[in-house]
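Undergrad: Mind looking at a prediction? Sequence and model below.
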Amino acid sequence: MISIRWIVSILLMPFVWGCSIPLVRPTRIDWNPSLSPQTIQINGHTIFYTVKGEGKPLLLIHGYGAGIWVWERQIEVLSQSYRVYALDLIGHGFSDRPKIPYTPETYIHFLRDFMDGVGIEKATLIGNSMGGGIAWAMAILFPERVDRLILINCVPPDVLNQVKNESFRTLVAIKDIPILPYLVIAGRNKNSIRWILLECVSDIKLITPEVLNRQYQLSKIKGTTWVLYSTFKHAEEALTLKDQLCLIHHPTLFIWGERDLICPSHVGETLHQAIAGSKFLGIEKSGHIPMWETPDEVNQAILSFLNE
């Protein structure tokens, strides 16, 4: 079903086209000045990341349209015992946005190449939403590069049918109409970005003007519309890995916000059952990004699992 809210965004498109801004990388990370912004060239593209701590490597992987900032409440805690890498995926955050097909394979191979670039032979992958999908796919295709998996409200292989939030269902409803999904994404304004953020949390007070502006500015960087459209367009290709989830034998922990409007709890339970020996922790008072919404509970669960 196509939402009236998103139809209105289409009608407003002429007023927002051409409002993209150039990519300017920050010299400091505002939400944690103690972190050092770094860049690395991966396949000719500049990738933005930060690293902190010493010990076994943990790699934090954000979701669709997000960035490093969703891990702002994990990096300090986890880096006290581990070497923590948090990166902006290619096409996201302050990383380059080349006009390439953003297929599941693109993201999986990019993550492997990033690990090569920073000298990580093997790591625990901690992924949220699409980042969790990239993590479990890495465990299937490059099992030797993965130590453990921590999957936080991750997407399943059947993204188009299992992801349930209104903004995504609208794109699915119009996906076969030429150009229209691209135009809907291009037409997102600050109000529609706010609505998407509200879909991610159970406590709406978390979406402050500062948080909204942070995500809105990232969404307006030139090239973002193509990245989001192409990622959506190719999402169903992840279905090819559906029957291979049973091949994952790495120690795996699912952490799931039980008030998730995007990937409901039954999605996590199904994935949990598909990966033998995996563990599942439901967090009652949280939505799609529990590591940001209920950080203390999530951090404790991560550290307990890593210490087993």
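TA: Done, it's in.

Undergrad: what's the next secondary structure element after the lengthiest helix in the chain?
TA: Taking DSSP state H as the assignment, the helix of the chain that covers the most residues is helix 104-118. Read in the C-terminal direction, the helix or strand following helix 104-118 is strand 123-128, with elements assigned using DSSP states H and E.

Undergrad: List the contacts of that following strand.
TA: If you take CB atoms under 8 Å, 6 or more residues apart in numbering as the criterion, strand 123-128 is touched by 56-63, 66, 70, 74, 82, 85, 115, 133-136, 138-139, 145-154, 288-289, 291, 302, 306. The way it works is simple: take the backbone N, C-alpha and C, and place the C-beta from them, glycine included.

Undergrad: Ranking helices and strands of this structure by mean pLDDT, which lands last?
TA: Using mean pLDDT, DSSP states H and E, helix 13-16 stands out as the lowest-scoring helix or strand of the chain, at a mean of 44.

Undergrad: which residues are contacting the longest helix of the chain?
TA: Outside helix 104-118, the residues within contact range by CB under 8 Å, 6+ apart are 40-43, 47, 49, 51, 59, 61, 85, 87, 89-90, 100, 121, 123, 130, 133-134, 137-138, 141-142, 145, 234-235, 237-238, 241.

Undergrad: Show me where the protein has its helices.
TA: Defined through DSSP H, the helices belonging to the chain, from first to last, are 4-11, 13-16, 75-78, 104-118, 130-141, 159-162, 166-173, 180-186, 190-200, 209-219, 224-233, 265-274, 290-293, 295-306.

Undergrad: Would you reformat these as CSV and include distance to residue 249?
TA: As requested, these are arranged in CSV below (distance: least, CB to CB, whole Å):
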stretch, distance to residue 249
helix 4-11, 42
helix 13-16, 47
helix 75-78, 24
helix 104-118, 18
helix 130-141, 9
helix 159-162, 24
helix 166-173, 31
helix 180-186, 37
helix 190-200, 31
helix 209-219, 36
helix 224-233, 28
helix 265-274, 12
helix 290-293, 25
helix 295-306, 16
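
Undergrad: re the thing from before, which ones among the contacts of strand 123-128 lie within strands?
TA: Using DSSP state E, the members of the contacts of strand 123-128 that fall in strands are 57-61, 85, 146-152.

Undergrad: Please point out which parts of stretch 73-81 sit buried.
TA: 73-79 (16 or more other CB atoms under 10 Å).

Undergrad: Make TSV from the residues you listed and add pLDDT and distance to residue 221 to it.
TA: Putting these into TSV (pLDDT from 0 to 100; distance: CB to CB, whole Å) gives the following:
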residue	pLDDT	distance to residue 221
73	96	24
74	98	24
75	97	22
76	96	26
77	97	29
78	98	28
79	98	27
